[in-house]
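S.K.: quick one, structure for this:
(one chain, ligands or ions: 2)
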Amino acid sequence: MSDQFSQAFRDEHRLVRDALLDLVEAFQKRDSHRAQSILEEAAKLAGPHFRYEEETLYPYLVEIFGRDYIEKLLDDHNRIIETISTLVEFSRNEQLSDDEVQTATDLTRTILPHVSDCDGLSIMVERLSSEKVQSILQSRDRAFSENLDLFRWVNEARKRPDLVAA
Ligand SMILES: [Fe+2]
Ligand SMILES: [Fe+2]
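M.R.: Numbering: from 1, shown residues only. Ligands and ions are numbered 1, 2, ... in the order given. Reported below is the predicted structural model:
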């Protein structure tokens with residue numbers, strides 16, 4: 001069960017990783033159309049991904065990490081949501097200056113550590129009960145079937161999770 005989770009989780013992070021690396025390249029080539037389409041794809045995937053992380057995965061991991069680290073992961077999400085909005089603004093500008101290209105590159109790179117940190121959570125998921133892993137997989141299915149992109153999820157469905165300390 002946790003293998004099935006790790007595999008799906010890893011595949012999603014791979015897509016996000018590749019999207020971010022492609023985005024850096026698109027900004028550096030000043031290819032605003034490509035940057036816009038990458039950001040659109042990234043927002044489509046990140047919506048359901050962040051959603052099931054916040055609805056089930058992160059709250060379940062409080063029993064392992066305690067609250068502080070989970071709060072940090074939620075803060076990462078807040079920061080990433082703001083960063084993606086800023087990057088969308090940059091991607092609409094077809095004539096970025098050198099400084100703006102550098103800023104867009106730096107901002108995109110600030111998201112990368114969350115991708116690798118988040119993927120590493122799989123090793124902790126192995127210690128959750130199979131009922132909890134099952135429930136994470138179910139909330140993942142729900143999130144992908146409702147399919148709200150990042151901005152719609154934030155505006156329409158995102159709630160602060162209850163982090164119950166174990
Ligand atoms: Fe993640
Ligand atoms: Fe995350």
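
S.K.: okay, now residue 74: neighbour count?
M.R.: Neighbours of residue 74 under the rule other Cβ atoms under 10 Å: 17. Where C-beta positions appear, they are placed from N, C-alpha and C, glycine not excepted.

S.K.: again with the one 3 residues further on
M.R.: Residue neighbour count, defined by other Cβ under 10 Å, stands at 19 for residue 77.

S.K.: how about the nearest residue to the closest residue to ligand 2 within the chain, chain neighbours excluded?
M.R.: With Cβ to the ion as the measure, residue 118 is the residue of the chain nearest to ligand 2, at 4.1 Å. If the residues on either side of it in the chain are set aside, residue 118 comes closest to residue 13, at 6.5 Å by Cβ to Cβ, 6 or more residues apart in numbering.

S.K.: what sits against that neighbour?
M.R.: When contacts are counted by Cβ atoms under 8 Å, 6 or more residues apart in numbering, residue 13 touches 115-116, 118-119.

S.K.: would you list the residues you listed in JSON lines and tack on secondary structure and pLDDT?
M.R.: What follows is the contacts of residue 13, written out as JSON lines (DSSP: H, G, I helix; E, B strand; the rest coil; pLDDT from 0 to 100):
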{"residue": "115", "secondary structure": "helix", "pLDDT": "98"}
{"residue": "116", "secondary structure": "helix", "pLDDT": "98"}
{"residue": "118", "secondary structure": "helix", "pLDDT": "98"}
{"residue": "119", "secondary structure": "helix", "pLDDT": "98"}
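
S.K.: may I see the PyMOL selection of the buried members of these?
M.R.: Buried members of the contacts of residue 13, defined by 16 or more other Cβ atoms under 10 Å, are picked up in PyMOL with:
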select buried, resi 115+118+119
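
S.K.: among the contacts of residue 13, which pair sits farthest apart?
M.R.: Farthest-apart pair in the contacts of residue 13 is 116 and 118; separation 7.3 Å (Cβ to Cβ).

S.K.: any regions of the protein where pLDDT drops low?
M.R.: The model of the chain has pLDDT under 70 over residues 165-166.

S.K.: longest helix in it, please.
M.R.: helix 2-28 (DSSP state H).

S.K.: helix or strand right after that one?
M.R.: Moving toward the C-terminus from helix 2-28, the next helix or strand (DSSP states H and E) is helix 32-52.
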